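>>> I'll drop the sequence and a predicted model, then ask my questions.
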Amino acid sequence: MANLELEARITLKQPIQSGQGARGPWERQEFVVEYQDGNFPSSACFTAWGQDKVAELARYQVGDMVKISFNIRGREYNGRWFNDLRVWRISPAGAASSPAGAPAPSLDDMPGEFGDDLPF
């Protein structure tokens, strides 16, 4: 998968969600960013999944410019499709990309799975 990155300003941080799954405890936090898309600003909601990513997000406040490295994940539930923008790195805007030879994690490397217990 391509290395997807976006520089944007954090506009909203949702409360941390946590629970217990078949693989043990999990933690996630959703946050919204605003970025320039041509002549108009656009927004997107990302998910910091796992205790380490939630802790990484905690270093940034609403209004901070960040560089987000992420994977896109989609799943079907009851005939509808839902997308998830799952963060695997957050750094200050303008920070260098990942070093050569250090590949982005694959979707299989990402922690946490809801399986078929989605609430919608």
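Received the coordinates, thanks. If you're wondering where the values come from, they're calculated on a predicted model, not measured in any experiment. Residues are numbered from 1 along each chain as shown.
>>> per-residue confidence for the residue nearest to residue 84 when sequence neighbours are not counted?
Leaving aside its chain neighbours, residue 84 sits nearest to residue 73 (4.4 Å; criterion: C-beta to C-beta, 6 or more residues apart in numbering). No exception for glycine: its C-beta is placed from N, CA and C like everyone else's. On pLDDT, residue 73 comes in at 91.
>>> how much space separates residue 73 from residue 46?
The gap separating residue 73 from residue 46 is 11 Å, by C-beta to C-beta, to the nearest Å.
>>> what touches both of these two?
85, 86 (C-beta atoms under 8 Å, 6 or more residues apart in numbering).
>>> pull stretch 42-49 out as CSV, backbone CA atoms only.
What follows is stretch 42-49, C-alpha atoms only, in CSV (Å, rounded to 0.1, in the frame of the first residue of the first chain):
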residue,chain,number,x,y,z
SER,A,42,-11.6,20.2,3.9
SER,A,43,-12.0,18.1,7.0
ALA,A,44,-11.3,14.4,7.8
CYS,A,45,-11.7,12.2,10.8
PHE,A,46,-8.8,10.0,11.8
THR,A,47,-8.4,7.2,14.4
ALA,A,48,-5.4,6.8,16.7
TRP,A,49,-5.7,3.1,17.5
